[in-house]
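Undergrad: Got a predicted model here, sequence first, then my questions.
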Amino acid sequence: MASARRDEQVDSIIDSIPAFVAMLTATGGVEYVNRQLLDYSGKSIEELEKWGTSDLVHPDDLSGAIESFTQGIRSGEPFEIVHRMRRRDGVYRWFQGRHRPLKDLEGRVVRWCVSVTDIDGLKRAEERLRRDEAFLAEVQQLSSTGGFYWWPESGEVYWSEQVYRIFELDPAAPLTTALRQSRIHPDDLPAHQESILRAIRDARYFEYEVRLLMPDNSVKYVHSLARPSRDAEGNLFYVGAVQDITQRRLSEIALAKVRSELAQIARVTTLGALTASIAHEVNQPLSGIITNASTCLLMLNADPPNIDGARETAKRTIRDGNRASDVITRLRALFSKKELTLESLDLNEATREVIALFLSDLQRNGVMLHAELAENLPTVKGDRVEVQQVILNLLRNASEAMTDVHDRQRVVLVETERDGGNVRVTVRDAGVGLDRQSVEKVFDPFYTTKSGGMGIGLSVSRSIIERHQGRIFAIPNDGPGATFAFTIPAEPTQQMKTPSQASCPHDGYQAPLPPLTPGPDRVGIRSR
């Protein structure tokens, strides 16, 4: 009776264990299982005995489970099996079975004790983690971005697989400082080391761009950023990202080259349009030189020689020669291909030079030009040639916009004025004007409203002004024509600080046309 009660107590204890428990014979036959396993599976002990041929184990796991079980029983040593088991309602869940042998005094296995634990939640979490890791790895590879951890004090560094791929290093190699820096371009290494020292000293967010020199002598551009944090022990560490931006940087370099070429094309195109004006500008002083030289000879050959008259005539010859030289100098500068050269620039002076160069073209097209140039205009920091190219483009566009105008005067207003901390140049015409849709697109590359236009002049002009930290814009006039204007920041020591002048540079702006008082050269220039 006492033995029976002990067996009942043991069974009760085993049935209360939050796991499946089984006792197997030395050869693996099912001898005993607790109530939980019977309730879960809905099978009898006899059915469980035939688990290798029933649907208890998931079909995908069955062959592996049988192989592991057979090898484990044969070895006589503890072993584990992980597989899915079918619940009575047909749902499979993951379980881990631990098998421990009971041996007699001679070391022979007499029985196996088995505990089976539900690990379905753990397996699903592991699967989600693997899926997330695979997703993250794919995203990193697609975006050419890797992650890293860095403990400055100990020098410990962890790189993701993508960072190794960017640096083209073997993940199995010890990630020493020397190895990491061996990829940094020699010209960028001092700045990179300085960034690292600042990060260690200041413990704050940092960001930098550096070139990598690869074994095949190719160059990569990488952008790195990191933020500081503290680990559980309070040690400073950085978590950051490294992105391969080589293609973007090469595209930017190529784009800058294309823009430079487009600027040169625009200059050459403008040169073609100005050929007649150039001939006029140069022929006038050359004709004067010839006439004055002939007159000078006549005066010197007279009896007696007219020395005073010859002297004055020679002075006029020198004047005309200088005038021709100035025209050639301006043209060579305007159409030469050179890098951006910043200098203190007087926009009034630059505007006058462009007007002088373009005046003959305006006269030929029957255009009257008025210039309202503000007095005491602050200087700007800019490239004279490029800024003059913008002014010339706007003047030429204004003239061409009035080619088909026959019912009103063809008038162009050129105006300079202060605009808060900027200097503004405005060109207003009385031409065909712009619609709202054209205003939105007129500065886009290759967009043109002219039948023979290339659509690059205004695009190049916008690039030039943006390089000068300015802006260029266009608005339709209330009446005929359109207004184009650009602003460039005044040099810091000369910027205006009057609050009333800090308004938007174009909202509601209309450049006033002064009274038309055309002289013989059909141009009026006055200071305001």
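TA: Everything's here; your move.

Undergrad: wait, residue 76 sits on residue 111?
TA: No - counting by Cβ atoms under 8 Å, residue 76 stays clear of residue 111, with 11.9 Å between them. Glycine gets a C-beta too; all of them are placed from N, C-alpha and C.

Undergrad: shared neighbours of these two, which are they?
TA: Common neighbours of residue 76 and residue 111, using Cβ atoms under 8 Å, 6 or more residues apart in numbering, are residue 101.

Undergrad: Going along the chain, name the helices of the stretch 151-300 of the chain.
TA: Taking DSSP state H, counting those that start in this stretch, the helices of the stretch 151-300 of the chain run over residues 161-167, 177-181, 189-202, 246-273, 275-301.

Undergrad: again with the stretch 401-528 of the chain
TA: In order along the chain, the stretch 401-528 of the chain carries the following helices (DSSP H, counting those that start in this stretch): 436-441, 457-467.

Undergrad: Now mean neighbour count and mean pLDDT too, for the ones you listed, in a markdown table please.
TA: What follows is the helices of the stretch 401-528 of the chain, written out as a markdown table (neighbours: other Cβ atoms under 10 Å; pLDDT from 0 to 100):
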| stretch | mean neighbour count | mean pLDDT |
| --- | --- | --- |
| helix 436-441 | 12 | 71 |
| helix 457-467 | 21 | 82 |
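
Undergrad: Looking at the ones you listed, which is nearest to residue 317?
TA: Judged by Cβ to Cβ, the one of those that comes nearest to residue 317 is helix 457-467, at 38.3 Å.

Undergrad: pLDDT at the closest residue to residue 83 other than its chain neighbours, what is it?
TA: Among residues not flanking residue 83 along the chain, residue 61 sits closest, at 3.8 Å (Cβ to Cβ, 6 or more residues apart in numbering). pLDDT recorded at residue 61 is 93.

Undergrad: Using CSV, list the CA coordinates for the helix or strand that residue 349 is a member of.
TA: Using DSSP states H and E, the element containing residue 349 is helix 347-364. In CSV, the C-alpha atoms belonging to helix 347-364 read as follows (Å, rounded to 0.1, in the frame of the first residue of the first chain):
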residue,chain,number,x,y,z
LEU,A,347,27.6,95.9,-60.2
ASN,A,348,27.1,99.4,-61.6
GLU,A,349,30.4,99.3,-63.4
ALA,A,350,29.9,95.7,-64.6
THR,A,351,26.5,96.7,-65.9
ARG,A,352,27.8,99.7,-67.8
GLU,A,353,30.5,97.5,-69.5
VAL,A,354,27.9,95.0,-70.7
ILE,A,355,25.6,97.8,-71.9
ALA,A,356,28.5,99.3,-73.9
LEU,A,357,29.2,95.9,-75.4
PHE,A,358,25.6,95.2,-76.3
LEU,A,359,24.5,98.7,-77.4
SER,A,360,25.0,98.2,-81.1
ASP,A,361,22.8,95.0,-81.0
LEU,A,362,20.1,97.0,-79.3
GLN,A,363,20.3,99.8,-81.8
ARG,A,364,20.0,97.3,-84.7
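
Undergrad: Next, the buried residues of that helix.
TA: For helix 347-364, burial by neighbour count (16 or more other Cβ atoms under 10 Å) applies to 347-348, 350-351, 353-363.

Undergrad: If you count contacts, what does it end up packed against?
TA: Secondary-structure packing of helix 347-364 (3 or more Cβ pairs under 8 Å, 6 or more residues apart in numbering; DSSP states H and E): helix 275-301, helix 307-334, strand 368-373, helix 384-401, strand 411-419, strand 422-429, strand 523-527.

Undergrad: quick one: it to strand 411-419, angle?
TA: On the basis of axes from the mean of the first three to the mean of the last three Cα atoms, to 10 degrees, helix 347-364 is oriented at 170 degrees to strand 411-419.

Undergrad: among the helices of the stretch 401-528 of the chain, which is nearest residue 101?
TA: So among those, helix 457-467 is nearest, using Cβ to Cβ, at 80.5 Å.

Undergrad: if we can go back for a sec, of all the helices and strands packed on helix 347-364, which lies closest to residue 121?
TA: In terms of Cβ to Cβ, the element of those nearest to residue 121 is strand 422-429, at 65.3 Å.

Undergrad: for that closest one, the distance to its chain's centre please.
TA: For strand 422-429, the distance from its own C-alpha centre to the chain's C-alpha centre is 31 Å (Cα atoms, centre = their mean, to the nearest Å).

Undergrad: Show the low-confidence segments of the stretch 1-150 of the chain, by residue range.
TA: When residues are selected by pLDDT under 70, those of the stretch 1-150 of the chain lie in 1-18, 132-144.
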